[in-house]
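Participant: How does the following fold in three dimensions:
(2 chains)
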Amino acid sequence: MLDLKSVIQDFDGVERRLSRRGEGAVATLRPVRELAARRRELNVALEGMKKRQSEANARVGQLMRTDKAAGEAARAEARVLSDQVKGSDEELRQVEAAIEKVLLVVPNLPHESVPDGKDEKDNVVVRTWGEKPRLDFVPKPHWELGEALGILEWPQAAKISGARFTISKGAAARMERALAAFFVDVHTSRGYREVLPPYLVTAETMTGTGQLPKFEEDLFRTQGETPLYLIPTAEVPVTNMHRDEIFEGSDLPISYCAWTPCFRAEAGAAGKDTRGLIRQHQFHKVELVKFARAEESLSELEKMVDDAQEVLKRLGLHHRVIQLCAGDMGFSATKTYDLEVWLPGQEAYREISSCSSCDDFQARRIRVRYRGEGGKPRLAHTLNGSGVAIGRTVVAILEQCQQADGTVLVPEVLRPYMGGLERIVPEKFPRGVER
RNA sequence: GGAGAGCUGGCCGAGCUGGUCGAAGGCGCCUGACUCGAAAUCAGGUGUACCGGUAACGGUACCGUGGGUUCGAAUCCCACGCUCUCCGCCA
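Facilitator: Predicted coordinates:
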């Protein structure tokens, strides 16, 4: 959420910065100006009214003890004031609710270091690590490899859960578990604290990080009077962990990593990536979350990208770092880098991590602050990034490490986590025939 | 799920027969005095947000959350949430 005060102070400036995200973003802000002016008007009037009321109330209290008749008269007078206050109070509350409603759907302002651009075509490649593996055969996409090896299974998944689900078996299932452990081990050794948060959270929590109210259709929700939502990323519970807290400035930055499943309704993604593991309703991810002082958040973002890259490097996976343009960034982000891993079976780079600074945009919603110079609490900055998506890492390993004979070499650093397995070969396991 | 107790300022804790209570007292913290210095002692100060004001300062709101009663609520009423204890159930 943007700061109402600075929006009012420099409406044109904010509008201009927002316009880099596109016309839709600007439109969300438009009603604020008028509402804010109205609010100010009402507030000033109301405060004066309240002052007169409390004076009148004090008079009633005194007179009641000495002069009953005069007290009753004063009481009648006070009653009139009370009615006025109630009326104005209600009006002010409505205006404030309207402002809140508007502000909650206004996206964050892109940082000035973010390149202009409309969509993913305008993103900028920052650097590339490794090289495309040279294969003397035609590489297969992971879904073909996985099916042939007997480790990825879609028909059964569709039978029990519908589209956009996968069952991993044998080496694939184990690799997910191995990658999770490997990623968390790397990150904890580099200063991140491991947490295992709830996967179901309240609407308030979803609002804190910006998924609600704007993106409800992307979420899975439970039934009941007070529904809970399945987390689309560990960013949600971990960032909200410190809601309404005040850190000592000297304690920051604080870094967390969390391995969780993620659940996404993938509304509006019909027809995209329908094959394979790329776009699922459920997947695993190791997430990195940081709370930082305002002045250090951008340098912490660079470090976070390094940390995410580190696991890909250790796996030997060719990838590149790109910076998202203003028009392609997520709702809460002020600056975002994506890591894209090379998938030879699809001849494409695909996102495997996204690291963002949200500056104080989320912190304002969830009231996370720290005491800086002079002991005054100020809003912290929040950062989050994938470190990295596990399902997509399996995809990358299958495709980048595939051999001409259809087997897959397990990256060396992963072997200790997989019971020493060096090569994935076709797995035979009894399966009935569909009637 | 059932029964009971509780939720007050950074912390502990009074207030809860409704008015002058942003709220006693203590701890912690800050400043000053004393001291070579420190401890102890003494005196003073010590929340957040918003509004008006160049500022000094003034004002409004906040006693788990939301509603209600009332001229007026930390104090009364209702609902909800959370915590603790006991019982049941359960992995």
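Participant: Now do the nearest residue to A:Asp273 once chain neighbours are set aside against A:Glu351, distance only.
Facilitator: Leaving aside its sequence neighbours, A:Asp273 sits nearest to A:Arg279 (CB to CB, 6 or more residues apart in numbering; 3.8 Å). To be clear about C-beta, it is placed using only N, CA and C from the backbone, and glycine gets the same treatment. A:Arg279 sits 11 Å away from A:Glu351, taking CB to CB, to the nearest Å as the criterion.
Participant: Which residues are in contact with the closest residue to A:Gln280 other than its chain neighbours?
Facilitator: With sequence-adjacent residues excluded and distances taken as CB to CB, 6+ apart, A:Gln280 is closest to A:Arg164, at 5.3 Å. Neighbour list for A:Arg164: A:Glu266, A:Thr274, A:Arg279, A:Gln280, A:His281 [criterion: CB atoms under 8 Å, 6 or more residues apart in numbering].
Participant: If we check RNA strand B, which of those residues are in contact?
Facilitator: Among the contacts of A:Arg164, not one lies near RNA strand B by CB under 7 Å from any atom of the strand.
Participant: got those residues as CSV, with pLDDT columns?
Facilitator: Output for these, formatted as CSV (pLDDT from 0 to 100):
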residue, pLDDT
A:Glu266, 86
A:Thr274, 86
A:Arg279, 93
A:Gln280, 95
A:His281, 95
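Participant: Only the buried subset of these, as a PyMOL command please.
Facilitator: To isolate the buried subset of the contacts of A:Arg164 in PyMOL, counting by 16 or more other CB atoms under 10 Å, use the following:
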select buried, chain A and resi 266+279+280+281
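Participant: which of the contacts of A:Arg164 sit farthest apart?
Facilitator: A:Thr274 and A:His281 (12.4 Å; CB to CB).
Participant: ok, back up a step: how about the secondary structure of the residue nearest to A:Asp273?
Facilitator: Under DSSP: H, G, I helix; E, B strand; the rest coil, A:Arg279 falls in the coil class.
Participant: List the contacts of the residue of the stretch 301-435 of chain A found nearest RNA strand B.
Facilitator: As assessed by CB to the nearest atom of the strand, RNA strand B sits closest to A:Pro377 within the stretch 301-435 of chain A, at 5.6 Å. Under the criterion of CB under 8 Å, 6+ apart, the contact partners of A:Pro377 comprise A:Ile246, A:Arg369, A:Tyr370, A:Arg371.
Participant: Buried only: go through those for me.
Facilitator: A:Arg369, A:Tyr370.
Participant: State the pair within the contacts of A:Pro377 that is farthest apart.
Facilitator: Spatial extent of the contacts of A:Pro377 (CB to CB) is set by the pair A:Arg369 and A:Arg371 at 7.7 Å.
Participant: Show me the common contact partners of those two, please.
Facilitator: Counting by CB under 8 Å, 6+ apart, the contacts common to A:Arg369 and A:Arg371 are A:Ile246, A:Phe247, A:Pro377.
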